[in-house]
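In: Fold the following.
(4 chains)
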Number of protein chains: 2
Amino acid sequence: MLFEPASVLPETIYDDLRASIIAQIEVPGSAMTESAIALRFGVARPTAKTAIERLVAEGLLRRTAHHSARVPALSRDDIVDLYDTRAIIESAAIAALCAGGTIPAEALEAHRALLSSASADEPFATHDIAFHRALVAGQPSARLARMHALLMGEIELCIGQVQANHLLTAVDVAHQHQGILDAVTAGDSARATLLTHAHIVGSRDLLLAHVDSRPPTDGRPNHG
Amino acid sequence: MLFEPASVLPETIYDDLRASIIAQIEVPGSAMTESAIALRFGVARPTAKTAIERLVAEGLLRRTAHHSARVPALSRDDIVDLYDTRAIIESAAIAALCAGGTIPAEALEAHRALLSSASADEPFATHDIAFHRALVAGQPSARLARMHALLMGEIELCIGQVQANHLLTAVDVAHQHQGILDAVTAGDSARATLLTHAHIVGSRDLLLAHVDSRPPTDGRPNHG
DNA sequence: TTGCCAAGATTGTTAGACAACGTAGCATAT
DNA sequence: ATATGCTACGTTGTCTAACAATCTTGGCAA
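Out: This is a model prediction of the structure:
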């Protein structure tokens, strides 16, 4: 993903598990043992192991030595940290993109897809994420793109919640995206940075308000 | 490192190889095959493989499918990208540190060690790096610290060169560090951010001037 | 109730093997 | 002599099977 898809078989398992986690088919806290994954996909345990290790490296699973990997339940602090760091990285990336002044084709495509899913009232999280990924990928710094990719795994967990609970509509998101695109096209770096920051912090606050309104399903915040 | 040392044996190999690469015992371009590493450390090939994969993830090795991992020769563009991204991340981290207003104990310790190596005219790159790592680690955002750790692997490659060629003295570095510490202690976020940025960009420019003054060992800039 | 011990579960590590892929060198044809 | 295609080798990708080390859990005894 960041560098090379080293292999295809673990890649398949990785993709499948990743989708399961983000779609919250695997509830937070549930354990994923190497053996179980291996059995489920009909592969050897080491193969399942590499897939799990990739998800751990990406922050989508957590584990300690000799313990099963578990789907993390993001705390309020995690969400704040995640979005704030993302705002730093992505604002810098948009600023770098302004220097070039051209919008990547993939970003425009994702933007159109988002608009069409808005009128069809379909799930739009995928297109939202694709848009942001494309913008950052189109900017010249490879390291900044790498940082962003590392963050987006966990961010997808959050965006999935934003969409599932209808905290934002596709129209809202598309409108904010349009503003960013306009600023970049105009070469207005300050405005583009500001809008990007506001876009991200806005999503963060909506998600936080939602989390605060409904305390965690389990009443043990100080555990393990 | 970032999350958990999953295992001890690959960790040992990883540490050893990492040190070899940063000390430039392994010259850029040299190949490291899985079998060779396995033989050298007396372990199975998969064990060597995991160590190599960690180094690849950190940017200290590069490889493509069915090719040996190779120590990268950082290009001029790589150096610029690396330092500029580092400036973004680390400036943000120092700003976050100012909110707390307290200097981590490890940072002070590294600072003292740097001063003492200045008077003894010893290698100081280790303490320089430890100082920056400690400052970022002492700041509250776990994700920002993760980004920084990912960057520091390749940065160490550069700092090794700065020291080997005496582009900066330990006294210079310590003086700049002192300024950053003072600004953080005073809670002057703007000044701390500015000094951090200048410190990093200054190192970058020294290294670039050095690289420009002596063209690459091999006369093929447009290759691969 | 508390502490200890043993069994089960899980991961860490290894050995060995075969398959897939890339490269270099050789043989052949022009 | 040169260019082209093929073959053999080196390297990584992936798998199976097994043993070792470690953590947790349950039962038993004081």
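In: how about the strands of chain A, start to end?
Out: Counting by DSSP state E, chain A has strands at residues A:31-32, A:69-70.
In: Would you mind listing what in chain A touches DNA strand C?
Out: Counting by Cβ under 7 Å from any atom of the strand, the residues of chain A close to DNA strand C are A:31-35, A:45-46, A:49, A:63, A:65-69. Every C-beta, even on glycine, is put in place using the N, C-alpha and C of the backbone.
In: tell me the contacts of the nearest residue to A:Thr169 once chain neighbours are set aside?
Out: The spatial neighbour of A:Thr169 that comes closest, neighbours along the chain excluded (Cβ to Cβ, 6 or more residues apart in numbering or on different chains), is A:Ala118 at 7.1 Å. By Cβ atoms under 8 Å, 6 or more residues apart in numbering or on different chains, the contact list for A:Ala118 reads A:124, A:169-171, A:174.
In: Excluding chain neighbours, what is closest to the residue positioned nearest the centre of chain A?
Out: Geometric centre of chain A, nearest residue: A:Glu156, 2.7 Å, by Cα atoms, centre = their mean. What sits nearest to A:Glu156 in space, not counting adjacent residues and going by Cβ to Cβ, 6+ apart, is A:Ile22, at 5.0 Å.
In: related to what we said a few turns ago, return the closest of the contacts of A:Ala118 with respect to DNA strand D.
Out: Of all the contacts of A:Ala118, DNA strand D sits closest to A:Phe124, with 32.5 Å by Cβ to the nearest atom of the strand.
In: Would you mind measuring from the residue nearest to A:Thr169 to A:Leu207?
Out: Remark: distance between A:Ala118 and A:Leu207 (Cβ to Cβ, to the nearest Å) = 20 Å.
In: Show me which residues of chain A are close to DNA strand D?
Out: Applying Cβ under 7 Å from any atom of the strand, we find that chain A lies next to DNA strand D at A:6-11, A:43-47, A:65-67.
In: First-to-last residue distance for stretch A:53-63?
Out: Start-to-end span of stretch A:53-63 (Cα to Cα, to the nearest Å) is 9 Å.
In: And for A:Pro46, the neighbour number?
Out: Neighbour count for A:Pro46, taken as other Cβ atoms under 10 Å in any protein chain shown: 12.
In: That one is in contact with B:Ala44, isn't it?
Out: No: with contact defined as Cβ atoms under 8 Å, A:Pro46 does not reach B:Ala44; the gap is 11.4 Å.
In: Okay, domains of chain A per the record?
Out: Following automatic domain parsing, one gets these domains for chain A: A:9-70, A:76-213.
In: winner for burial among the ones you listed?
Out: domain A:76-213 (a mean of 18; mean count of other Cβ atoms under 10 Å in any protein chain shown).
In: pLDDT of that one, averaged?
Out: What domain A:76-213 shows for mean pLDDT is 95.
In: what's the spacing between that domain and its chain's center?
Out: 9 Å (Cα atoms, centre = their mean, to the nearest Å).
In: quick one: contacts for the residue nearest to A:Ala183 when sequence neighbours are not counted?
Out: Leaving aside its chain neighbours, A:Ala183 sits nearest to A:Ala192 (3.8 Å; criterion: Cβ to Cβ, 6+ apart). A:Ala192 makes contact with A:94-95, A:97-98, A:180, A:183-184, according to Cβ under 8 Å, 6+ apart.
In: same thing but 7 Å
Out: Residues near A:Ala192 by Cβ atoms under 7 Å, 6 or more residues apart in numbering or on different chains: A:94-95, A:98, A:180, A:183-184.
In: The residue lying closest to A:Ala38 once chain neighbours are set aside: what's it in contact with?
Out: Distances taken as Cβ to Cβ, 6+ apart place A:Ala48 nearest to A:Ala38, at 4.0 Å, with adjacent residues excluded. By Cβ under 7 Å, 6+ apart, the contact list for A:Ala48 reads A:13, A:34, A:37-38, A:41.
In: State the distance from A:Ala48 to A:Arg54.
Out: Taking Cβ to Cβ, one finds A:Ala48 at 11 Å from A:Arg54.
In: Check the contacts of A:Ala192 and tell me the two furthest apart.
Out: A:Ala95 and A:Ile180 (11.5 Å; Cβ to Cβ).
In: Name the nearest residue to the residue lying farthest from the centre of chain A, sequence neighbours excluded.
Out: For chain A, the largest distance from the centre (Cα atoms, centre = their mean) belongs to A:Ala44, which lies 29.2 Å off. Closest residue to A:Ala44 apart from its sequence neighbours, by Cβ to Cβ, 6+ apart: A:Ala38 at 6.2 Å.
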